[in-house]
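build me a structure from this.
(chains A and B)
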Amino acid sequence: MLTRAEHRASRMAGLAALMAIGLALAVPVTVLLSHGGASDLSSSQSNYLVRITRFTLLQAGLSTLLSLVFAVPLARALARRPAFLGRRWLLNLFAVPLGLPPLVAALGLIEVWGRNGVANKGLGLLGAETPFSIYGLSGILLAHVFFNLPLAVRLILPALERLPPEYWKTAANLGMGGFSLFRRVEWPAMRRSAASAAGLVFMLCATSFTLVLVLGGGPAATTLEVAIYQSLRFDFNPGRAVLLSLIQISMTLIVMLALKFIGTPAEAGETKGGGTSRPDVPGGLQILPDVVLIGLGGLFVSAPMAAVIVSGLSADLSRLLTDTLFWRAAGTSLAIGVAAAAVSVLLAAFLVRARYSAGQRPGSPALGLLAGLSGAAGSLTLLVPPVVLGAGWFLLLGGGTGQLLAPLMVIVLINALMALPFVMRVLEPAHQSTLERNGRLAVSLGVVGRHRLRQVDIPAMLPALATGFVFAVALSLGDLGAIALFGSDRIVTLPWLLYQKLGSYRTADAAGLALLLGAITMALMIVAEKLGTRNGSMYR
Amino acid sequence: MSQHPAIEFDGVAYGMGDLSAEFAFERTAGTVTAILGPSGAGKSTLLNLAAGFLAPASGRIILDGRDVVGLAPSERGISMVFQDNNLFAHLDIRTNIGLGLDPELKLDRAAWSQVDKALEHVGLAGFGKRMPGTLSGGERQRVALARAFARRRPLLLLDEPFDGLGPGLAADMLGLMLEIRAEVGATVLMVTHDPDEARAAADEILFIAKGRIAADAPAAGFFERQDLPDLQAYLGSTGGK
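A predicted model of the protein is given here:
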C-alpha cells in the first residue's frame, strides 16, 4: 500500500528508469540503423552474411538438441534416485556453470578436451583414430552442452519431483515400468519444462559470444556476435557490423517471441533436497544404468572445473599476484563491476516499485503500459545482445580508442543492462512481500515518503538488494562481451587480460588467471546465494 | 475359507528408534479390517509394507501362502486406493483404468469392454473420455474404485480413501467398496480415522499406537471397550457414542 504522493513518485522514478534504458538501447540501435544505408551488399558479402547466419542457427540448434537429449534422461535418472549420497552436492554443482565466466570454463574445457587433454588420451586408448577437436563446431557444441546440460537438468528435474508421491506408488502397484512409465507419466510431466528449457538454451546459444570467440572464430565457425566483433575490431567494416547486428536483433526478436509462445521456463533448481521416494524403481543390479548416467553427467560437468583448479594451482600464482598488470586489471574489473551493479540495482528498484504502483490500479491503460514496460525492460535488454549494444556505442564513439571515460561508461552501462533481468527477479518478490507485510502499517503510522524508504522498505529489502548487487558484480566481473570491443592498453579487465594471455599462448599465466577469476566470481555467487537464502527465511 | 490366511504379517519390523514399527497379525479371505490409530502411529507404514512400497527390516509378509517380501509391488496381487492423486491427471479416465489391466496398455477389445463395465459399475458410464480434472473429488475416487474392481486382485488396500468427501458421499462410497469386495472376493485393509466408517464397514479392527498393534479385535463392540487407554485417548470425548 502506497500513499498518493508515493504512487506519483514511484511512477516518475519508473518512467525515468525506463527512459534511461530506452536511451541506452535506442542510441546504439539508431547509430547502427543510420550506418546501415551506407553499405552496398555485394554478392560475396551477402554470401558471407548468409553463411554466418546459417552457422549461428545451426550451432544453436545442435547445441540445444544435444543438451536436451542428455538432460532428459539425466533428469529422469536423478528423479528415479531421490536419496543417494552426494545428490544435493551434485545438484549444487550443476548450478555452477551458470555463474562461471565463460572464458574460465573454456579454459577448463580445453584442458580436458584439448589435443593433449585427458579425454583425447582416453579416446586414443579406446582406439579412436582422429582426436576430438575442441576448436570449431565440435568444440562450440561441447562448450554449449557443458553450460546448458546442467541448466536444462535443473529446469526439468523439478517437474518430475513435483508429481505427487501417489503417482509413483500407483505406477508401482500397477507395474508400470521403463518405457510405459516414461511415455505415460514422466515425459508428459517433463514435456513443458523441457520445451521451455529448449527455448532458453537456444536463445543463450544463439547469442553466445565468448565461447564461440575462443573455441570457434575461424571463417568456418563464426556466429553473428563474433562476426560483429571481428568486423569492428579487426576489419573495421562498420557497414558489415551493422548488417550483422540487424540480423542478430531480428533473430533474437523471433526467438523471444517464440519463447513467449512456448512459455517462460519455470524457476530452476528449487528441488527438494531428497525428492520423492520412488517405490516403482527397482533396486539391485537395475540401478546400474542410472548410476552410470548420473556418474557420467557429474564427471562431464565437474572435470573442466577440476581442470581449472589443478592447472591453476600448478601455475606460478605468486608471480601473477605480484604483477602490477594483474592488480590494475582487478581494480578496473572491480570498479566496473561495482558501478554496473549500482546502476543495475537502482534501475531495477525503480522499475519494480513502478510496476507495483502501476499494478495497483488495473483499469488504467497508461498505467497498464507502465507496468508492462517495467516488466519487459528486463527482457528488452536480452533483445539487443551486449556485443550489438557495444557495436552501436563503438561506432558513435568513433572506435573508442584513445578515450578512457566514455568507453568505461559504456562498459558499465552494458554490464548493468545485462544484469538487470536477474536483479529484477531478485528484487521483485522481496519488494512485493515487504509492501504486503508493512504497507498498511507504515501508512497508518504516517511513516511515508522518504522516511518510509529509509526506515521500512530499504531495510526490509536489504538482503535482496545485497543479493542483486553482489550477483551483478559477479556477472560483470566475468564478462568479456563488452570489454572485447573497448579493451585496450589503457582499459584492461581480468577477462580481457585472460583473453590476451590465451591469445599469446601464455597458457601457464592464463591457467593461473582463470583460477583467480573463477574463484572470485564463485565466491561472489556463493555470497549472493547465502544472502538470498537469508532473505528468504526473513520473510517466512 | 482357504487353508492359508489371506494375509499374514509374521514378526514384521520396520525402522529404528522412535520411528520403529513391529506388526504381527493375520486375516482370513474376504474380511474387511479397519486400521485405526492416532496420526503418526504407523497406520500408513503398515499399508506401505503390505503394498511393497517399504521393505521390512525383518519378518515375513505372507499373502495367500506366499512370502512376498522382495517381490515388486505389482507382483503381489494388490490393488490400492489413496486419499487423492489416484489418477494420472493428464490421462483420460479410460486410460487410467486401462493401465490397471495392463501397464503397457496393450488391451484387446474384451479388456476395453471390461474397463467400460467397471465404469458402469461405479455409476460413471460414459465418463471414459473425460479428464480427471473435470470430475469431482468423489467421482475421481469412484474411478479409483472402478480400477480396483477391474483389476480383481485378492487384496485391496485403502489409505483413507473417503476422507474429505463429506459424510453422505463417504457412506455411498463405502457401500460401493463393500459391493466390489463381495464381487471380487477380496480381503480389505482400510486405514481410516473415522470410527463410524469402521463401524459401518469393518468386520475387524487393528488399533495401532506407537508403531505397535495395540488391539486386534472384532469390530462389534470394539468402541465400547474400556480396557484400552490408547483407544480412549484416541476417541477423546466423542468416544463410545
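
residues near residue 185, how many?
Because you didn't say which chain, this covers chain A. With neighbours defined by other C-beta atoms under 10 Å in any protein chain shown, the count for residue A:185 comes to 22. C-beta: built from backbone N, CA, C; applies to glycine.

try again with chain B
If we define neighbours as other C-beta under 10 Å, then residue B:185 has 11 of them.

and the closest residue to residue B:172 other than its chain neighbours, which helix or strand is it part of?
Ranked by C-beta to C-beta, 6 or more residues apart in numbering or on different chains and with sequence neighbours excluded, the top spatial neighbour of residue B:172 is residue B:138, at 7.9 Å. Residue B:138 is part of helix B:137-151, with elements assigned from DSSP states H and E.

how distant is that helix from the center of its chain?
12 Å (C-alpha atoms, centre = their mean, to the nearest Å).

mind listing what the closest residue to chain A within chain B touches?
Chain B approaches chain A most closely through residue B:74 (2.8 Å), counting by C-beta to the nearest C-beta. By C-beta atoms under 8 Å, 6 or more residues apart in numbering or on different chains, the contact list for residue B:74 reads A:172, A:173, A:174, A:175, B:103.

what sits closest to the fourth one if chain neighbours are left out?
Taking C-beta to C-beta, 6+ apart, and ignoring the residues beside it in sequence, residue A:175 has residue B:74 as its nearest neighbour in space, at 2.8 Å.

report the secondary structure state of the one you found.
helix (DSSP: H, G, I helix; E, B strand; the rest coil).

from residue A:172, how far out is it?
7 Å (C-beta to C-beta, to the nearest Å).

same deal with residue A:288?
20 Å.

tell me where chain B has strands.
With DSSP state E, the ranges of strands along chain B come out as B:7-14, B:21-27, B:32-36, B:58-63, B:66-67, B:78-81, B:155-159, B:187-191, B:204-209, B:212-218.

one step back: out of residue A:288 and residue A:172, which sits in the more crowded spot?
Set side by side, residue A:288 and residue A:172 show more neighbours around residue A:172, with 24 against 9, by other C-beta under 10 Å.

return the residues in contact with that one.
Contacts of residue A:172 by C-beta under 8 Å, 6+ apart are A:279, A:280, B:51, B:52, B:53, B:72, B:73, B:74.

could you dump the residues you listed into CSV with distance to residue A:333 added?
Listed next are these as CSV, based on distance: C-beta to C-beta, whole Å:
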residue, distance to residue A:333
A:279, 52
A:280, 51
B:51, 59
B:52, 58
B:53, 54
B:72, 58
B:73, 57
B:74, 59
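
which bits of chain A sit near chain B?
A:164-167, A:169-170, A:172-177, A:180, A:184-185, A:188-189, A:277, A:279-280, A:282 (C-beta under 8 Å from any C-beta of the partner chain).

among these, which are located in helices?
Taking DSSP state H, the ones among those that sit in helices are A:165, A:166, A:167, A:169, A:170, A:172, A:173, A:174, A:180, A:188, A:189.

now the last one: closest residue in space that isn't a chain neighbour?
Put plainly, it is residue A:189. residue A:159 (5.2 Å).

ditto for residue B:95
Leaving aside its sequence neighbours, residue B:95 sits nearest to residue B:105 (C-beta to C-beta, 6+ apart; 6.8 Å).

now swap in residue A:421 and tell me
Once flanking residues are discounted, residue A:421 sits nearest to residue A:378: 3.5 Å by C-beta to C-beta, 6+ apart.

residues near the one you found, how many?
Counted with other C-beta under 10 Å, residue A:378 comes out at 22.

so which bits of the helix or strand harbouring it are buried?
Assigned by DSSP H and E, residue A:378 belongs to helix A:365-383. When neighbours are counted by 16 or more other C-beta atoms under 10 Å in any protein chain shown, the buried residues of helix A:365-383 are found to be A:367, A:370, A:371, A:373, A:374, A:375, A:377, A:378, A:380, A:381, A:382, A:383.

list of residues touching it?
A:11, A:14-15, A:17-18, A:21, A:25, A:203, A:207, A:249, A:252-253, A:256, A:347-348, A:351-352, A:354-355, A:358-359, A:361-362, A:417-418, A:420-421, A:424-425.

okay if I get the buried residues of helix A:365-383 as JSON lines plus distance to residue A:525?
Listed next are the buried residues of helix A:365-383 as JSON lines, based on distance: C-beta to C-beta, whole Å:
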{"residue": "A:367", "distance to residue A:525": "36"}
{"residue": "A:370", "distance to residue A:525": "33"}
{"residue": "A:371", "distance to residue A:525": "31"}
{"residue": "A:373", "distance to residue A:525": "30"}
{"residue": "A:374", "distance to residue A:525": "27"}
{"residue": "A:375", "distance to residue A:525": "25"}
{"residue": "A:377", "distance to residue A:525": "24"}
{"residue": "A:378", "distance to residue A:525": "20"}
{"residue": "A:380", "distance to residue A:525": "25"}
{"residue": "A:381", "distance to residue A:525": "20"}
{"residue": "A:382", "distance to residue A:525": "20"}
{"residue": "A:383", "distance to residue A:525": "26"}
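
and of the strands of chain B, who's closest to residue A:307?
strand B:7-14 (45.9 Å; C-beta to C-beta).

give the pairing partners of the closest one; include direction for each.
Applying DSSP bridges to the sheet, strand B:7-14 is found paired with strand B:21-27 (antiparallel), strand B:58-63 (antiparallel).

distance from the chain centre to the last one, please.
When distances are taken as C-alpha atoms, centre = their mean, strand B:58-63 is centred 18 Å away from the chain's centroid.

cool, the first one as well?
Its chain's average C-alpha position is 16 Å from that of strand B:21-27, according to C-alpha atoms, centre = their mean.

what's in contact with that strand?
With C-beta under 8 Å, 6+ apart, strand B:21-27 has contacts from B:5-15, B:33, B:42, B:45-46, B:49, B:59, B:187, B:189, B:204, B:206, B:211-213, B:216.

for stretch A:143-153, list the C-alpha coordinates in PDB.
Output of stretch A:143-153 as PDB, limited to C-alpha atoms (Å, rounded to 0.1, in the frame of the first residue of the first chain):
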ATOM      1  CA  ALA A 143      31.100 -26.000 -24.500                       C
ATOM      2  CA  HIS A 144      27.400 -25.200 -25.000                       C
ATOM      3  CA  VAL A 145      26.400 -28.600 -23.700                       C
ATOM      4  CA  PHE A 146      28.700 -28.100 -20.700                       C
ATOM      5  CA  PHE A 147      26.900 -24.900 -19.900                       C
ATOM      6  CA  ASN A 148      23.300 -25.800 -20.800                       C
ATOM      7  CA  LEU A 149      23.000 -29.500 -20.000                       C
ATOM      8  CA  PRO A 150      23.200 -28.800 -16.200                       C
ATOM      9  CA  LEU A 151      20.800 -25.800 -16.700                       C
ATOM     10  CA  ALA A 152      18.300 -27.900 -18.500                       C
ATOM     11  CA  VAL A 153      18.500 -30.700 -15.900                       C
END
